[in-house]
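Trainee: show me the folded form of this:
(2 chains)
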Number of protein chains: 2
Amino acid sequence: MKILIAKNAGFCFGVKRAINIAVDCEDDGGNIYTLGPIIHNPQVVKQLAESSNVIPKESIDEMAEGTVILRSHGVKAQELAKAKDKGLNVVDATCPFVKKTQDYVKSLSDEGYTVVVVGEKEHPEVQGIVSYSKGEVIVASTVDELKGLSYRKKIGIVAQTTQSQKRLEEIVTYCVGVASELKVINTICNATSVRQDESVEIAEVSDCVIVVGGKNSANTGRLVELCRAIQPKTFHIEVAGEIEPGWLDGVESVGVTAGASTPDWIITEVIDKIRQLGAK
Amino acid sequence: MKILIAKNAGFCFGVKRAINIAVDCEDDGGNIYTLGPIIHNPQVVKQLAESSNVIPKESIDEMAEGTVILRSHGVKAQELAKAKDKGLNVVDATCPFVKKTQDYVKSLSDEGYTVVVVGEKEHPEVQGIVSYSKGEVIVASTVDELKGLSYRKKIGIVAQTTQSQKRLEEIVTYCVGVASELKVINTICNATSVRQDESVEIAEVSDCVIVVGGKNSANTGRLVELCRAIQPKTFHIEVAGEIEPGWLDGVESVGVTAGASTPDWIITEVIDKIRQLGAK
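Mentor: Numbers count the residues shown, from 1 in each chain, chains lettered A, B, ... in the order given. Predicted coordinates for the structure are as follows:
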């Protein structure tokens, strides 16, 4: 049985950086918190809690004195201010691409643009970047969600870093028709589209696809959708133990890809498990 | 026979303003020149020459001392500089919407944007606005003309004032894919689209359409195209004398529309002529 592994599977630059920052915090001693999970992978979050005592909390209110790490997706401006007011030691592990998007939203808003964020309202990254606008800000992941928008003099557009180019283009096209001036900052992270394209290529030549990543990870979820559209035998797992032997029956080639928040050690375990089952 | 006349046929704001400025120049005495025709209507240009001694020239070199009126479509920055260097009295009759577009091109270029002008390379308005960029500037009227364009960090887009919204949208969509940052200033003049929409509505309920305007007028040409697509019996004339009686045979309703550079007196003559033929 052949195993095809996506070259760009797993940790992206921003996630790697956040984990390294969190591990380094151990040296500072005291309590170490993150606001929500530092990355969308429960196994990594668990491991960081055990090895480096990094504890996720749902709110700043739940944190005693110590260090708060700003997670890779970033936090709301108000949460950051609250953490500083409380005298917590703030360590910023926000992905630099997300940070840039927050900065763009702030400057667009300062320049008088109505800000449109192409993204999912409920995603913590989006909630974070939205909070940096001091003026009107609208979140939409599709043109339909924008259809009520009437004339605005100046519209500034950014995107959640993991959005697809197509959605950004559709929303930009709509906004050309309702604004006198439009400023678009393409904040989509290239790593996302490279990983998606590569996963699709692998799905096209595989009899079965295994996508590894947090069930709470938006970018992993999108990989599953894309691969399943090509190869219906696509499975989403978080850990090797979830693989069922039956999945590989009669399979000659298995594709393996993973979301941006999936660590190498989980990918390695998954590959070992597939090899073991394939050898039977 | 019913005659349907487009409410917004004829002189737009910018053309009216340019003619008034030209007529007022007579009071200054001396030679009065325009660089090319002041508007794209030969009859008006002829009338201005006869009544107010306003003489169109092809180049600044052909002008002796006196006044040069910058035509409604605007002139190239280099031509303006040359006129000033020569000591000519410069009177600016550039349409304020065109002037704004020139200013936008200048500031986009100053801010480091590669400038894309959605328009026709050969049109004097476009040649004028293009000249205000000190950096890279690309003219395209369709996406096909842009297809070779590779990555640019910052792209700034403006449009020839008489372009269609659809062409602007298509080019913006393409540019989202090749730039990190996009700034779009929608410089399309509303009067153009209002006139086009109204002409199409009239064509839909007419047995024959007569479009009045200079054969060298781009916006009149576009009205002809749009009306002809709906009513094949669409005729483009400059003056009433061109109407052939046969055009109105068996016609119950005639639509009349006119380009932005067609004066009221020509439209009135055309309507009188149609009434006269219809009464036969």
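Trainee: neighbours of residue A:56, just the number please.
Mentor: 17 (other C-beta atoms under 10 Å in any protein chain shown). Backbone N, C-alpha and C define where each C-beta goes, glycine included.
Trainee: ok, it - contacts?
Mentor: A:33-38, A:45, A:49 (C-beta atoms under 8 Å, 6 or more residues apart in numbering or on different chains).
Trainee: kindly report the same for residue A:36.
Mentor: Counting by C-beta under 8 Å, 6+ apart, residue A:36 touches A:56, A:58, A:71, A:73, A:124.
Trainee: can you lay out the residues you listed as CSV showing secondary structure and pLDDT?
Mentor: Shown next, in CSV, are the contacts of residue A:36 (DSSP: H, G, I helix; E, B strand; the rest coil; pLDDT from 0 to 100):
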residue, secondary structure, pLDDT
A:56, strand, 93
A:58, coil, 91
A:71, coil, 92
A:73, coil, 92
A:124, helix, 92
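Trainee: I'd guessed residue A:133 sits against residue A:111; true?
Mentor: No: using C-beta atoms under 8 Å, residue A:133 makes no contact with residue A:111, being 11.2 Å away.
Trainee: so for these two, which residue has more residues nearby?
Mentor: residue A:133 (22 against 12).
Trainee: and that one, how far is that from residue A:108?
Mentor: Residue A:133 is 7 Å from residue A:108, where distance means C-beta to C-beta, to the nearest Å.
Trainee: which neighbours do the two share?
Mentor: residue A:115.
Trainee: for the closest residue to chain B within the stretch 1-150 of chain A, which non-adjacent residue is closest in space?
Mentor: Residue of the stretch 1-150 of chain A nearest chain B, by C-beta to the nearest C-beta: residue A:104 (9.0 Å). Spatially, and ignoring its direct neighbours in sequence, residue A:104 is nearest to residue A:185 (4.8 Å; C-beta to C-beta, 6 or more residues apart in numbering or on different chains).
Trainee: show me what the one you found bridges to in the sheet.
Mentor: residue B:181 (DSSP bridges).
Trainee: that older thread, which members of the contacts of residue A:36 are classed as buried?
Mentor: Neighbour-count burial (16 or more other C-beta atoms under 10 Å in any protein chain shown) applied to the contacts of residue A:36 gives A:56, A:71, A:73, A:124.
Trainee: got the residues of the stretch 151-280 of chain A near chain B?
Mentor: A:165, A:168-169, A:172-173, A:176-177, A:179-186 (C-beta under 8 Å from any C-beta of the partner chain).
Trainee: which parts of chain A are strands?
Mentor: A:2-5, A:32-35, A:54-57, A:67-70, A:89-92, A:114-118, A:137-140, A:152-159, A:179-185, A:208-212, A:234-237, A:253-258 (DSSP state E).
Trainee: redo these as CSV? Include distance to residue B:258.
Mentor: Shown next, in CSV, are the strands of chain A (distance: least, C-beta to C-beta, whole Å):
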stretch, distance to residue B:258
strand A:2-5, 66
strand A:32-35, 65
strand A:54-57, 70
strand A:67-70, 63
strand A:89-92, 63
strand A:114-118, 38
strand A:137-140, 41
strand A:152-159, 31
strand A:179-185, 27
strand A:208-212, 62
strand A:234-237, 62
strand A:253-258, 62
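Trainee: so which of the ones you listed gets nearest residue B:213?
Mentor: Nearest of the strands of chain A to residue B:213, taken as C-beta to C-beta: strand A:179-185 at 27.7 Å.
Trainee: for the residue of the stretch 1-150 of chain A closest to chain B, what are its contacts?
Mentor: A:156, A:158, A:185, A:187.
Trainee: of those, closest to chain B?
Mentor: Distances from chain B to the contacts of residue A:104, taken by C-beta to the nearest C-beta, are shortest for residue A:185, at 5.2 Å.
Trainee: show me the contacts for that closest one.
Mentor: Contacts of residue A:185 by C-beta under 8 Å, 6+ apart are A:101, A:104, A:108, A:156-158, B:180-182.
Trainee: now residue A:248
Mentor: By C-beta under 8 Å, 6+ apart, the neighbours of residue A:248 are A:1, A:208, A:254, A:274, A:277-278.
Trainee: and stretch A:13-28, what's buried?
Mentor: Quick answer for stretch A:13-28 (16+ other C-beta under 10 Å): A:14-19, A:21-22, A:25.
Trainee: export the residues you listed as a markdown table, with columns for pLDDT.
Mentor: Listed next are the buried residues of stretch A:13-28 as a markdown table, based on pLDDT from 0 to 100:
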| residue | pLDDT |
| --- | --- |
| A:14 | 91 |
| A:15 | 91 |
| A:16 | 90 |
| A:17 | 93 |
| A:18 | 92 |
| A:19 | 91 |
| A:21 | 92 |
| A:22 | 90 |
| A:25 | 86 |
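Trainee: of those, which is the nearest to residue B:230?
Mentor: Closest to residue B:230, out of all of the buried residues of stretch A:13-28 and judged by C-beta to C-beta, is residue A:14, at 54.5 Å.
Trainee: next up, the contacts around the closest residue in space to the closest one that isn't next to it in sequence.
Mentor: Nearest residue to residue A:14 in three dimensions, chain neighbours excluded: residue A:95, at 2.9 Å (C-beta to C-beta, 6+ apart). Counting by C-beta under 8 Å, 6+ apart, residue A:95 touches A:12-15, A:17-18, A:72-74, A:161.
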